[in-house]
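K.L.:
predicted model, plus sequence, below.
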Protein chains: 2
Amino acid sequence: MIRLYDYLPSGNGYKVRLLLTQLQIPFERIELDIIKGETRTPEFLRKFPNGRIPAVELDDGKLLFESNAIISYFADDTPLTPADRFQRAQVFQWLFFEQYSHEPYIASVRYLVIHPEVKDPRRAIVDTLMRPRGYAALGVMEDHLQTREWFVGDRYSIADIALYAYTHVADEGGFELAGYPATRAWIERVKSQPRHILITQS
Amino acid sequence: MIRLYDYLPSGNGYKVRLLLTQLQIPFERIELDIIKGETRTPEFLRKFPNGRIPAVELDDGKLLFESNAIISYFADDTPLTPADRFQRAQVFQWLFFEQYSHEPYIASVRYLVIHPEVKDPRRAIVDTLMRPRGYAALGVMEDHLQTREWFVGDRYSIADIALYAYTHVADEGGFELAGYPATRAWIERVKSQPRHILITQS
């Protein structure tokens, strides 16, 4: 069975949990506490040199890390990835946007807020850089969703899963979504998809 | 003809320039000065809402942004993307690693160093966070290249192009590659590929 190395509060881990559940692919979840350094042990680093979850080990021992690489691998040739070549490129556009312009601000601020005990130099730039860039990412999403139900084409895809993961818990980092009605309506659409699970569900 | 919105010093732009040149796909380059805010004009933002280069406009008017989404689109079904499904996932693993764990440190430190006039809150965390994380990314690459010629499989791919873009100019940000001999040898292998161009070549 697929082994998923995971950390329950992680939105990046949640992307994989949610996708595998929706695709009805069985998996075993191995919980690692990133705060306690459980992804920095020699044993873990031998398998996954970047020392981060989520990471997966397939039945044949193959190893893969990076949440968006993992979800695009499992969603390949399923209804959660468009068949059209350009639409697939648009899915990746939003996956890279999520990891570059969204997660480092929205997810990282949430991490710093819910772990006040963790020392982190980024605390010095939360208000001057991270929070404004988080809102900028939400603004790009809101504009895009003004005229669309889903991020790519006319159906739910892994682009929605990836962006949903940290957007729907952005309030835990102090982000206020009141001014983003199209995004809030999209969050409800994602939640109503078949076999949806919560981020707290293991 | 494909229009590439670009900024010559950008490693992200260079990935696209290098790939299109190596695939012998003709393109028109439109230079925008990111320091002067030329990617934040209403006209540019209407097409590309995240306000960043590189971005491309295809012959039929289709628009795509995010460097790694662009190169994976053009490299699809070419020798620069593996045919094997798991190897393709590994390519994306390294593309996401590049955008999440490499570019925000190695490229951003270079940006701050070569543009000393730009005010940026991140200057406060260059030495405490950005530079150490940049070296951590180089360490992951060096380990991987100890036993391999290329990042995925046994041939040059877009994973190498993406990681090469900012690694080969890391010294411009003050990163010292002397302790990374496998990475330095790989840089030379990338440079010796057919139709290679320099980052300064438009």
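P.N.:
Cool, the structure landed. In this text the structure is predicted, and so the values were computed from the model without any measurement.

K.L.:
in contact with residue A:184, which residues?
P.N.:
Contacts for residue A:184 (CB atoms under 8 Å, 6 or more residues apart in numbering or on different chains) come out as residue A:177. No exception for glycine: its C-beta is placed from N, CA and C like everyone else's.

K.L.:
give me the secondary structure label for it.
P.N.:
helix (DSSP: H, G, I helix; E, B strand; the rest coil).

K.L.:
before we move on, what about the one 4 residues further on?
P.N.:
Classification of residue A:188 using three-state DSSP returns helix.

K.L.:
partners of the host helix or strand of residue A:64 in the sheet?
P.N.:
Assessed by DSSP states H and E, residue A:64 sits inside strand A:63-65. Partners of strand A:63-65 in the sheet, by DSSP bridges, are strand A:55-57 (antiparallel).

K.L.:
what lies in contact with the strand it pairs with?
P.N.:
Here strand A:55-57 makes contact (CB under 8 Å, 6+ apart) with A:2, A:3, A:4, A:5, A:16, A:27, A:47, A:48, A:63, A:64, A:65, A:70.

K.L.:
try it again at 10 Å.
P.N.:
A:1-6, A:13, A:16, A:20, A:27-28, A:30, A:32, A:39, A:44, A:47-48, A:62-67, A:69-70, A:73-74, B:89, B:93 (CB atoms under 10 Å, 6 or more residues apart in numbering or on different chains).

K.L.:
flag every buried residue along that strand.
P.N.:
A:55, A:56, A:57 (16 or more other CB atoms under 10 Å in any protein chain shown).

K.L.:
how about stretch A:130-146?
P.N.:
Within stretch A:130-146, the residues that qualify as buried are A:130-131, A:133-138, A:140-142, A:144-145, counting by 16+ other CB under 10 Å.

K.L.:
likewise for stretch A:36-47?
P.N.:
Per 16+ other CB under 10 Å, stretch A:36-47 contains these buried residues: A:38, A:39, A:44.

K.L.:
thinking the first one is in contact with residue A:45, fair?
P.N.:
Going back to what we said before, that points to residue A:38. No - checked against CB atoms under 10 Å, the pair residue A:38 and residue A:45 is beyond contact range at 11.1 Å.

K.L.:
so what sits against both of those two?
P.N.:
The contact lists of residue A:38 and residue A:45 share residue A:51, where a contact means CB under 10 Å, 6+ apart.

K.L.:
quick revisit: turn the buried residues of stretch A:130-146 into JSON lines, including pLDDT.
P.N.:
Below are those laid out as JSON lines (pLDDT from 0 to 100):
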{"residue": "A:130", "pLDDT": "98"}
{"residue": "A:131", "pLDDT": "98"}
{"residue": "A:133", "pLDDT": "98"}
{"residue": "A:134", "pLDDT": "98"}
{"residue": "A:135", "pLDDT": "98"}
{"residue": "A:136", "pLDDT": "98"}
{"residue": "A:137", "pLDDT": "98"}
{"residue": "A:138", "pLDDT": "98"}
{"residue": "A:140", "pLDDT": "98"}
{"residue": "A:141", "pLDDT": "98"}
{"residue": "A:142", "pLDDT": "98"}
{"residue": "A:144", "pLDDT": "97"}
{"residue": "A:145", "pLDDT": "98"}
